[in-house]
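Chemist: here are the coordinates; sequence isn't available:
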């Protein structure tokens, strides 16, 4: 049916187009739309029945009309031609070259909507990635094959953090076959330029594929952009044995596009107008991170999202947090206090941390040291808020000590320069230094043998 | 078989026309790929089908075949140690056949059709048998003896029964009663129909989990129902997995419903390495896993809960204690909502269908301790533990509320406890167990006569602590009188030395009920001695420096076989130290 064009549009509503007289369009089939002025756009079938196909238009509906616009059904679902040549290239949100380079030609065409990895085939992610950031390496460790989002807010330096991770990330003792796939959804050209520049400066651009859908680009494209990026990443990881880091920003814009299409279809909305299937939809992106038994590569995801009004209970961060293996949460208070990166360690979490740390991968004392820092920092923060009410003098001696630990934790441990790349040894030793305020018996999360061994080694404490 | 064609496709919902004689919940095969689906609405000759696989690429006009059978599953030896997807396809076999990514339209038998099981008959030719009666056994795993039962609608005389090695599809016995019925090693059951029982019994024995906060404060009974609601990152999954690992149940069914793929992999890699604390056998030998991860089709997620519970009921009918963990029922409810939305049904609260509450209640009602159908008195139990993932950690949402209406144990996970790494982060002030009082006799006979009193005392101290904390917030700790400081010390000891439990420590991950009793009684005894000492003018700071104080915090890291000795030493050290303090003070 590829050579038949339909000019039987009966309705255009928002990003949707209703084409009559179509007998058997496939669900998810791609279509090419030819406008009266000769311009071509792409679309995809969202609902199909005998005699009618509902098509979602990628791009603006400006200029579409009933009568002259013709629609051609392409006979295939969304696919992407993939090859190694994609590294070092810049594409738009639909996968067309944006850098004036040639189109990617490849025999390998892959479905954009990949089928799920069989849980039985997955390999448990356990390789420690050293990001050089103390708050991540020490407290919320990232491992290969993990999906760890950054929950940020408007105006917070999440891009700096993501770029720094991409620049510094490495696996200890591992040989490198590393690449980056970057998906931008609705970010400004300024932000996009920042990332390109970062990749350029660190010499990583040659092993990076960028898919850019900017704020000025059609919002419907955003639904495809992350799928293009992930399909590319899976190809590089599982067919070309690469360790791929996928950065997706900004997931909030993706979800808005999802809401837009849902509203256009007049679906029953879930919370705050987002569709009821948003969890399923997001998981079809995030769950594409991982490792597969018997294959060398891996897909590690760092999605970035900005929480509307810094509200972590908003559906976007909320559903994301339920799917991803933890989260890195940015704090406005720390940002104001000029701490970089302003990561709120207490609300952050890495669910796969335990698999990636300890003897053989980082250091045997890592887990208990992190636990101790966590609880001491939490106690110190409590003491700090108590001091704000009753005054520092009314605190017990112990509380005062914890408060000092909390302050130092923020200033010395979390805070690090944008160019500072700390080894895991350095990170852990800074941790031990902070605890020098506390006596041995107050380190109730750490086994005595570790206190014995590492307190002295780090040259800190009594 | 009736055949029709696809007339409309919208996501996981397909409308088929021309399916004459279709019945509700009949399973159909859709399109050229043969995707599996289930009829959920009929209008004239049109049937609405929810499809268990991704529908991308289907076209109107492709054929639809009605199998004329509701979603059913094969039950028999070989279920244990398996890992299934939502519609009982073994994922390991699926991998062999279709590779690392799940391909569509595959139909794979749930049970290995080639294994020859050793069947040992318990009845002989000429015996009269009734529904549910056990006619023979198969050693399914070293831990579980699989009982072969007479189907519910069959009674009569055994005209034939064999012994030897059989596959699940072979006949081992024949019953004659006017008509002839063959009994094989396996049977079929429709997943949406509860397997019947004779009568339900009140649950009065705790399901011991080795988790101190659960066993001591908020126990669930064997055959009881429990809900674990909590925001993300509060430790739902770890708690569920701890239950699956350590609960003293004969059989465990773990349903991963719409959760993370990597987490299921973790279960898959850790369980075979773990040992049952009593039998020292691998835990997998008593475990069935159902893994329908979040990126698998949403309709299969809806079915996975029923797949899991049907297998649970089957082992209950053999007379076993079964525990089912569902993680998470919220994802199941969301699957209902998604399908309901596609059907354009009028939504109830937050877009969930109006029948959400009924469906949840029906699910939890399938649990319980019961006398199963059989001529000999046989009792089995099915304990249900459902995780709930409320959006934003707000328990007032429909899934949490409807769940709490029907479950009798509430383990409230608390994000603020989790963020200070107090694990398991179960809030001791808001959680409850309605079984605790009814099980008093069991504790009296099996643990100690003072157990109930100790438990109550500990809860009161924690309650008191939260009141005192409010005062501290206003006036500061130093302004508290000494006796209150003593209470805070004891409460802290309960929290840190008792309630906090590490799932990752080899010793601490499991605590026997005996050890729990020893730990708690030691902590409370120390608290009493401290209170007495404070009355004599000794400060709480002094008490805090005692050596026995430190010994208490070591008990949880001590192996089961050394606990009695350590507790004895600790108690005598306490005696000695407090006496010394008292003498010093009176001088």
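Modeler: Perfect, thanks for sending it. Keep in mind that this is a model prediction, so the values were computed, not measured.
Chemist: okay, CA-based contacts and neighbour counts for the rest of this
Modeler: Fine.
Chemist: Return the residues in contact with residue 255.
Modeler: In the absence of a named chain, this looks at chain A. The neighbours of residue A:255, taking Cα atoms under 8 Å, 6 or more residues apart in numbering or on different chains as the test, are A:274, A:278, A:316.
Chemist: right idea, wrong chain: chain B
Modeler: Neighbouring residues of residue B:255 by Cα under 8 Å, 6+ apart: B:289, B:290, B:291, B:292, B:304, B:305, B:308, B:324, B:325, B:326, B:327.
Chemist: How many residues are close by residue B:328?
Modeler: Neighbours of residue B:328 under the rule other Cα atoms under 10 Å in any protein chain shown: 24.
Chemist: Now it: closest residue in space that isn't a chain neighbour?
Modeler: Counting by Cα to Cα, 6 or more residues apart in numbering or on different chains, the nearest residue to residue B:328 once its immediate chain neighbours are dropped is residue B:387, at 4.8 Å.
Chemist: after the strand or helix carrying that neighbour comes which helix or strand?
Modeler: Applying DSSP states H and E as the criterion places residue B:387 in strand B:379-388. The C-terminal neighbour of strand B:379-388 among helices and strands, as given by DSSP H and E, is helix B:398-406.
Chemist: how about that next one: buried residues?
Modeler: By neighbour count with 16 or more other Cα atoms under 10 Å in any protein chain shown, helix B:398-406 contains the buried residues B:398, B:399, B:400, B:402, B:403, B:404, B:406.
Chemist: One more: stretch B:123-137?
Modeler: Residues of stretch B:123-137 classed as buried by neighbour count (16+ other Cα under 10 Å): B:123, B:124, B:128, B:129, B:130, B:131, B:132, B:133, B:134, B:135, B:136, B:137.
Chemist: Just the ones of those in strands?
Modeler: Among the buried residues of stretch B:123-137, the ones falling in strands (DSSP state E) are B:128, B:129, B:134, B:135, B:136, B:137.
Chemist: how about a markdown table for these, with pLDDT added?
Modeler: A markdown table is the format used below for these (pLDDT from 0 to 100):
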| residue | pLDDT |
| --- | --- |
| B:128 | 94 |
| B:129 | 95 |
| B:134 | 96 |
| B:135 | 95 |
| B:136 | 95 |
| B:137 | 96 |
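Chemist: Please identify which of the residues you listed is nearest to chain A.
Modeler: residue B:137 (30.4 Å; Cα to the nearest Cα).
Chemist: For the residue lying closest to residue B:20 once chain neighbours are set aside, which residues are in contact?
Modeler: The shortest distance from residue B:20 to any non-neighbouring residue, by Cα to Cα, 6+ apart, is to residue B:45 (5.9 Å). With contacts taken as Cα under 8 Å, 6+ apart, residue B:45 has the following neighbours: B:17, B:18, B:19, B:20.
Chemist: same check, this time on residue B:111
Modeler: When contacts are counted by Cα under 8 Å, 6+ apart, residue B:111 touches B:74, B:75, B:76, B:77, B:78, B:79, B:168.
Chemist: one step back: can the contacts of residue A:255 go into a markdown table with extra columns for pLDDT, neighbour count and distance to residue B:522?
Modeler: Putting the contacts of residue A:255 into a markdown table (pLDDT from 0 to 100; neighbours: other Cα atoms under 10 Å in any protein chain shown; distance: Cα to Cα, whole Å) gives the following:
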| residue | pLDDT | neighbour count | distance to residue B:522 |
| --- | --- | --- | --- |
| A:274 | 91 | 23 | 53 |
| A:278 | 90 | 22 | 51 |
| A:316 | 95 | 25 | 47 |
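Chemist: Could you give the number of residues near the residue in the stretch 151-300 of chain A that chain B sits nearest to?
Modeler: Nearest to chain B in the stretch 151-300 of chain A, going by Cα to the nearest Cα, is residue A:284, at a distance of 4.8 Å. For residue A:284, the neighbour count with other Cα under 10 Å is 21.
Chemist: sec struct for it, please.
Modeler: For residue A:284, the reduced secondary structure class is helix; criterion used: DSSP: H, G, I helix; E, B strand; the rest coil.
Chemist: buried stuff in stretch B:464-480?
Modeler: Buried residues in stretch B:464-480, counting neighbours by 16+ other Cα under 10 Å, are found at B:465, B:468, B:472, B:473, B:475, B:476, B:477.
Chemist: mind checking how far the residue nearest to residue B:422 when sequence neighbours are not counted is from residue A:105?
Modeler: Closest residue in space to residue B:422, ignoring its immediate chain neighbours: residue B:500 at 5.9 Å, by Cα to Cα, 6+ apart. Summarising the geometry, the distance separating residue B:500 from residue A:105, computed by Cα to Cα, to the nearest Å, is 58 Å.
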